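Student: Sequence isn't available, so here's the structure alone:
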């Protein structure tokens, strides 16, 4: 009876180990980056402009934003973007207005960086990124954000990496002045 129990425990352990091995084998492995291959650089302002000025007439209008795949025809979101980008409120965005908007967003991110860089060393770590309200102190989310922002993949986020505008199709956050006016 004792031998049978030991055999049963051994078989159960073997099944558990093989089950874990099969589960691990079934997971998608991250592709290792080719040796010497640099990470993909973020888009420049010019490249971003080329993506949104789809008809290449030098301005961006609501119809062009609605046609973008990323917006999926979301008119409310497209109108918010157009409103944020259109400095003179004429219903279309020029390249200069677009560049000005991007520059303001980068400046706002630099200010946020200095608040998050609690030890003042000029780089953000996972612990400092956990301080972002929308991450709620979640370490896994902070690590994911660090990976996303860390362009050179050195494990730290510099002010330049943090300030770079990556997603222009995200509705801009309200500034304090805009909130007070409402």
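Tutor: Cool, the structure landed. Owing to the predicted nature of the structure, the values given are computational and were not obtained by experimental measurement. Numbers count the residues shown, from 1 in each chain.

Student: And the strands in this protein?
Tutor: Using DSSP state E, the strands of the chain run over residues 59-60, 93-94, 123-124, 157-158.

Student: And the helices in the chain, which stretches?
Tutor: 2-26, 45-52, 62-67, 75-85, 95-116, 126-129, 139-149, 159-163, 176-181 (DSSP state H).

Student: Quickly, which of those bottoms out on average pLDDT?
Tutor: Mean pLDDT is lowest for helix 2-26 among these, at a mean of 38.

Student: Chain neighbours aside, what residue packs nearest to residue 45?
Tutor: residue 102 (5.2 Å; C-beta to C-beta, 6 or more residues apart in numbering). In short, each C-beta sits where N, CA and C put it, glycine included.

Student: any idea how far residue 164 is from that neighbour?
Tutor: As judged by C-beta to C-beta, to the nearest Å, residue 102 and residue 164 stand 10 Å apart.

Student: circling back: as JSON lines, the strands of the chain with mean pLDDT would be great.
Tutor: Formatted as JSON lines, the strands of the chain follow (pLDDT from 0 to 100):
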{"stretch": "strand 59-60", "mean pLDDT": "96"}
{"stretch": "strand 93-94", "mean pLDDT": "96"}
{"stretch": "strand 123-124", "mean pLDDT": "92"}
{"stretch": "strand 157-158", "mean pLDDT": "92"}
